[in-house]
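Asker: Below are the sequence and a predicted model for it; my questions follow.
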Amino acid sequence: MAGVLTEAAGPLSFTASNIQDFEIIEDFLAGTNTTGQIGTHGWVSSAGTLAAQASVANHIGIQRQATAATINTFNSFFPGTGASQGVLPMGTMTLSAIVRPVQIDANTVIRIGFMNNTASTPTAGQYIERLGTDTNWFGVTQHASTPLRTDLGIAANTTDWMNFSVERTGSSSVTFVVNGAALATHTGATITSTGCFGGFQVQTLENAAKSVDIDWARIWLQCAR
């Protein structure tokens, strides 16, 4: 018969691992529309507007991220109230999100993932992107060079909620996942070491506001502590 553990036996020994998970999961059901107070984790909007939308079946807590109605302006949306606080060191990490564009046209740019700039086009990062000239979504990696873009073969539209995931393994590879399917993996010189924000970016290429609805987001990374 196995022994019975009692108080008299003393505490169990425990050795903590130095590898820990950092994770933010956001449904955007709490908080306000004020930058720094959005959602449970106080997300920040760099410009433009954020507006809560009515929940719909299977999508509870929706934020509409919109640019100003001024050509070439951006709205970036990310956690971290300080300009440096939200910058994440690169390593093994994942950003997942459920989004639906409000406009898909020649003047709408949308990015989801890790990016180094909030007020301009990223010059480093890994993200899923749709440019004004694109029919489909693209997986992108960039580090101090021309970005590497791979057509993911999934058409961008304003009807479907898209489940995107940007999955980075160390400094070696980035995999782009859409609706549960891994569609492309990048390796090599475009895997950046530059710190990036994790979140969303919308740009308008005309004097009209452009927007995307965001239902859910998860940012996960490993920390050695």
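Answerer: Received it, and whenever you're ready, just let me know what you need.

Asker: Find the nearest non-adjacent residue to Ala51, please.
Answerer: Counting by Cβ to Cβ, 6 or more residues apart in numbering, the nearest residue to Ala51 once its immediate chain neighbours are dropped is Arg64, at 4.7 Å. Placement of C-beta: from N, CA and C, glycine included.

Asker: for the one you found, what are its contacts?
Answerer: Arg64 is in contact with 49-53, 102, 211-214, counting by Cβ atoms under 8 Å, 6 or more residues apart in numbering.

Asker: so it is in which element?
Answerer: Under the criterion DSSP states H and E, the helix or strand holding Arg64 is strand 62-66.

Asker: What strands line up against that strand, and which way round?
Answerer: Taking DSSP bridges as the criterion, strand 62-66 sits next to strand 49-53 (antiparallel), strand 211-224 (antiparallel) in its sheet.

Asker: right, and the helix or strand after that strand?
Answerer: The helix or strand immediately downstream of strand 62-66 is strand 74-79, counting by DSSP H and E.

Asker: give me the low-pLDDT residue ranges for this structure?
Answerer: In the predicted model of the chain, residues 1-17, 81-85, 225 satisfy pLDDT under 70.

Asker: Break down it into its helices, ranges please.
Answerer: With DSSP state H as the definition, the chain shows no helices.

Asker: quick revisit: and the strand holding Arg64, how far from the chain's centre?
Answerer: Taking Cα atoms, centre = their mean, to the nearest Å, one finds the center of strand 62-66 at 14 Å from the center of the full chain.

Asker: picking up where we left off before, any chance of the strands paired with strand 62-66 in JSON lines, plus mean neighbour count and distance to Asp21?
Answerer: Rendered in JSON lines, the data for the strands paired with strand 62-66 read as follows (neighbours: other Cβ atoms under 10 Å; distance: least, Cβ to Cβ, whole Å):
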{"stretch": "strand 49-53", "mean neighbour count": "16", "distance to Asp21": "28"}
{"stretch": "strand 211-224", "mean neighbour count": "20", "distance to Asp21": "6"}
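
Asker: Any chance of these in CSV with distance to Leu205 as columns?
Answerer: Shown next, in CSV, are the strands paired with strand 62-66 (distance: least, Cβ to Cβ, whole Å):
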stretch, distance to Leu205
strand 49-53, 18
strand 211-224, 14
